[in-house]
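S.K.: With the sequence up front, the predicted model follows.
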Amino acid sequence: MDVGTLEAVGSRWRLTFVRRLDQSPATVWRAITEPDELAAWFPAIVEGDRVAGATLRFVFPRGDAPPSTGAVLAFDPPHVVELRWDADVLRFELRADGAGTELRFLFTFDELGRAARDGGGWHACLDNLDAHLAGGQPDPAAWERYEWAYVAALGPAASTIPPPERATD
């Protein structure tokens, strides 16, 4: 399994994921920006306008964490959307690749110890995005499997912050 690439960016850290998707950039754009599409694969409901400068609210549908705030930092359809989620930055870049799309997802965050935990989570989300685009169902257990692959790949310093407590059904 290929894991995301971890790098230092100033005093912060960035995980970069690159995916080749079979769908057109317009289709992938809808999946990463429209609320009904996001609900199929993204970990939170994103409330707010999709326009640069707009305030956002992130709500976990199962109550896994309290709601949090953010903003749209960049919105250039159908190429780039960048969001601030609390202190984290999520940037999606789309590029036509034949009949499909190359998706680059860049996740920038403060604490190195979160890299394995969050890397596994975002890896699972991107797999669920791919499944959603292909008409399949998300795999709710993928995150736990991927977290261990990220622990092995990124090492102990990137694995000091454990997963958050999760709500049970």
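M.R.: Yep, it's here.
S.K.: Return the distance of the nearest residue to T5 once chain neighbours are set aside relative to L106.
M.R.: Leaving aside its sequence neighbours, T5 sits nearest to T16 (Cβ to Cβ, 6 or more residues apart in numbering; 4.7 Å). No exception for glycine: its C-beta is placed from N, CA and C like everyone else's. Distance from T16 to L106, counting by Cβ to Cβ, to the nearest Å: 5 Å.
S.K.: more crowded one of the two?
M.R.: When neighbours are counted by other Cβ atoms under 10 Å, T16 and L106 differ, and L106 comes out ahead with 19 against 15.
S.K.: Mind telling me what element the more buried one is part of?
M.R.: Using DSSP states H and E, L106 sits in strand 100-109.
S.K.: can you pull the buried residues of that strand?
M.R.: For strand 100-109, a neighbour-count test (16 or more other Cβ atoms under 10 Å) marks 100-103, 105-109 as buried.
S.K.: partners of that strand, with directions?
M.R.: strand 12-21 (antiparallel), strand 88-97 (antiparallel) (DSSP bridges).
S.K.: Any idea which of those strands gets closest to L154?
M.R.: Nearest to L154 among the strands paired with strand 100-109 is strand 12-21; the distance by Cβ to Cβ comes to 9.0 Å.
S.K.: what about that closest one, average pLDDT?
M.R.: Mean pLDDT, strand 12-21: 97.
S.K.: where's the longest helix along the chain relative to the chain centroid, distance-wise?
M.R.: Using DSSP state H to define each element, the chain has its longest helix at helix 115-133. Distance of helix 115-133 from the chain centroid (Cα atoms, centre = their mean, to the nearest Å) equals 6 Å.
S.K.: helix or strand right after that helix?
M.R.: Beyond helix 115-133 toward the C-terminal end (DSSP H and E), the next one is helix 142-154.
S.K.: can I get the CA coordinates of that next one in PDB?
M.R.: Coordinates of each C-alpha in helix 142-154 appear next as PDB, following Å, rounded to 0.1, in the frame of the first residue of the first chain:
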ATOM      1  CA  ALA A 142     -10.700   1.100   6.600                       C
ATOM      2  CA  TRP A 143      -9.400   3.800   8.900                       C
ATOM      3  CA  GLU A 144      -8.200   1.400  11.600                       C
ATOM      4  CA  ARG A 145      -6.400  -0.800   9.000                       C
ATOM      5  CA  TYR A 146      -4.700   2.200   7.400                       C
ATOM      6  CA  GLU A 147      -3.600   3.800  10.600                       C
ATOM      7  CA  TRP A 148      -1.300   0.800  11.300                       C
ATOM      8  CA  ALA A 149       0.200   1.100   7.900                       C
ATOM      9  CA  TYR A 150       0.900   4.800   8.500                       C
ATOM     10  CA  VAL A 151       2.400   4.000  12.000                       C
ATOM     11  CA  ALA A 152       4.800   1.500  10.200                       C
ATOM     12  CA  ALA A 153       5.600   3.900   7.400                       C
ATOM     13  CA  LEU A 154       6.000   7.100   9.300                       C
END
